[in-house]
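1. Here's my sequence, what's the structure:
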Amino acid sequence: MYGTQQERGPACWADDDSAEVLGALEHNQRPGLVRKQVHGHTAVYSSGPCLPAWLLRDLARSGGVHIYLDEDAIVYANKSLLSVTAIRAGAHLIHLPHPATVEDLYPNTAIATATTEFTYPSPKAKRRCSASSRGVLCGQVAESPQVTSTFRGP
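-> Model (predicted):
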């Protein structure tokens, strides 16, 4: 089921028999979340706003997007920078799109060499990991959400 139990209007839904129905609207059982291959790409329609992160991650993965973490986290990445803010404390398995040398920024120790994934522990404080052309750098950031840290590669 998808959406709310209470009927709201105007209600929009998908009317395409060739689309794969991923979710039906709860109040009228019509297709509210659908996926379809169109001209070589995947199109997704959602009647409702604010899709959960796990669903967006799965839709992105099915479209060929590289997924750095299989959990809720804030991830910013490009070809030479990776920044991760963990939502929860504990170990986080980070998947890289290509082999890289991974170093802990403080105290500047190697975590892994030529790896495509690594586990990064995060105690109570949030963590951010950044990558430069020389590899991935990880460091601890204050727990306060108002603190912003930028890591620069050597």
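2. Chain neighbours aside, what residue packs nearest to residue 15?
-> The shortest distance from residue 15 to any non-neighbouring residue, by CB to CB, 6 or more residues apart in numbering, is to residue 31 (7.7 Å). (C-beta placed from N, C-alpha, C; glycine too.)
3. Residue 116 versus the one you found, what's the distance?
-> 37 Å (CB to CB, to the nearest Å).
4. Counting neighbours, go ahead and name the busier of the two.
-> residue 31 (20 against 12; other CB atoms under 10 Å).
5. Return the residues in contact with the more buried one.
-> 13-16, 19, 21, 23-25 (CB atoms under 8 Å, 6 or more residues apart in numbering).
6. same deal with residue 32?
-> Residues near residue 32 by CB under 8 Å, 6+ apart: 2-3, 13-14, 23-25, 46-48.
7. And it, its phi and psi?
-> phi -110, psi -20 (degrees, to the nearest 10).
8. Quick check: pLDDT value at it.
-> Note on residue 32: pLDDT of 92.
9. try residue 138
-> 56.
10. Likewise for residue 83?
-> 74.
11. thought it was touching residue 68?
-> No - judged on CB atoms under 8 Å, residue 83 makes no contact with residue 68 at a distance of 10.0 Å.
12. any common contacting residues for those two?
-> Shared contacts of residue 83 and residue 68, defined by CB under 8 Å, 6+ apart, are found at 75, 77.
13. For residue 95, list each beta-bridge partner.
-> Note on residue 95: beta-bridge partners by DSSP bridges are residue 117.
14. tell me the contacts of it?
-> 66-70, 116-117.
15. go with 10 Å
-> 66-70, 115-118 (CB atoms under 10 Å, 6 or more residues apart in numbering).
16. so which of these is the most crowded?
-> residue 68 (20 neighbours).
17. Assign that one to helix, strand or coil.
-> Here residue 68 is coil, with the state taken from DSSP: H, G, I helix; E, B strand; the rest coil.
18. which element is the closest residue to it other than its chain neighbours on?
-> Closest residue in space to residue 68, ignoring its immediate chain neighbours: residue 75 at 5.0 Å, by CB to CB, 6+ apart. Per DSSP states H and E, residue 75 falls inside strand 73-77.
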